[in-house]
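In: This is the structure alone, sequence omitted:
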């Protein structure tokens, strides 16, 4: 499926497909309220909308991404509310049955995540966790009882750190999917730096992606 993608907006690729495949495998409750964080072209949000969600919202910090996601949804006749904002900031007081995210997670060569430019779509600080940690800290409060969070990222960004952060928020978290993905241009370009930091092995040309699912277990009265 082709998506309108202005310059600087993340292109749907292996991590996108892995997340949407796992979403459909897991299923959604009838009429689910869904939020897609870091939506990019809107590919994940539209997959949820086409898969039976009752109400789908999406958010991205990039104005170009918001424009692209709105237009892509309109072209497909799907109802997706797309807003511009910083992660879950625009949704104060709202709760969702499903929260999805394919955030930037690539370890940067140095410095904090960029505020502008195309690298903002993938760079996530020196350890790749600048956005992952914030999502783990804030998404749980937006989950309805019995709701689930599904997020995809590379093992290079720390799987155990994500699991621990979500469990500390009272969620039941586990890895539900894994897949090896060949390095793209960005990872190939910084392979030497990643090797020097001990994040990849000499000659390594792929990375393992994971989908982490975290559930807010329904309380029993």
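Out: On my side now, so go ahead. Fair warning: this is a prediction, and the values are worked out from it, not measured in the lab.

In: those helices in this structure, which residues are they?
Out: 14-26, 43-50, 63-75, 130-138, 159-168, 185-189, 191-196 (DSSP state H).

In: how about those in TSV, adding mean neighbour count and mean pLDDT?
Out: C-betas here are computed from N, CA, C, even on glycine. Shown next, in TSV, are those (neighbours: other C-beta atoms under 10 Å; pLDDT from 0 to 100):
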stretch	mean neighbour count	mean pLDDT
helix 14-26	18	96
helix 43-50	24	96
helix 63-75	19	96
helix 130-138	20	97
helix 159-168	16	98
helix 185-189	13	87
helix 191-196	14	88
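
In: Which one of those helices lies nearest to residue 153?
Out: helix 130-138 (6.1 Å; C-beta to C-beta).

In: This protein: strands as residue ranges?
Out: Using DSSP state E, the strands found in the chain span residues 33-37, 55-60, 80-84, 96-101, 143-154, 172-182, 206-215.

In: Please tabulate those in CSV, including the columns mean neighbour count.
Out: Formatted as CSV, the strands of the chain follow (neighbours: other C-beta atoms under 10 Å):
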stretch, mean neighbour count
strand 33-37, 26
strand 55-60, 25
strand 80-84, 18
strand 96-101, 25
strand 143-154, 21
strand 172-182, 14
strand 206-215, 20
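
In: got the helices of the chain as TSV, with distance to residue 82 columns?
Out: Converted to TSV, the helices of the chain look like this (distance: least, C-beta to C-beta, whole Å):
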stretch	distance to residue 82
helix 14-26	16
helix 43-50	7
helix 63-75	5
helix 130-138	18
helix 159-168	26
helix 185-189	25
helix 191-196	33
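
In: Indicate which one of those helices is closest to residue 34.
Out: Among these, the nearest to residue 34 by C-beta to C-beta is helix 43-50 (4.5 Å).

In: As JSON lines, the strands of the chain with distance to residue 6 and mean pLDDT would be great.
Out: Output for these, formatted as JSON lines (distance: least, C-beta to C-beta, whole Å; pLDDT from 0 to 100):
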{"stretch": "strand 33-37", "distance to residue 6": "18", "mean pLDDT": "98"}
{"stretch": "strand 55-60", "distance to residue 6": "12", "mean pLDDT": "98"}
{"stretch": "strand 80-84", "distance to residue 6": "14", "mean pLDDT": "98"}
{"stretch": "strand 96-101", "distance to residue 6": "21", "mean pLDDT": "98"}
{"stretch": "strand 143-154", "distance to residue 6": "22", "mean pLDDT": "97"}
{"stretch": "strand 172-182", "distance to residue 6": "24", "mean pLDDT": "97"}
{"stretch": "strand 206-215", "distance to residue 6": "25", "mean pLDDT": "97"}
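
In: Go through the ones you listed and name the closest to residue 20.
Out: That would be strand 96-101 among the strands of the chain, by C-beta to C-beta, at 8.6 Å.

In: Could you list every helix and strand in contact with that closest one?
Out: Secondary-structure packing of strand 96-101 (3 or more C-beta pairs under 8 Å, 6 or more residues apart in numbering; DSSP states H and E): helix 14-26, strand 33-37, helix 43-50, strand 143-154.

In: Let me have these in TSV, extended by distance to residue 93.
Out: What follows is those, written out as TSV (distance: least, C-beta to C-beta, whole Å):
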stretch	distance to residue 93
helix 14-26	25
strand 33-37	13
helix 43-50	20
strand 143-154	12
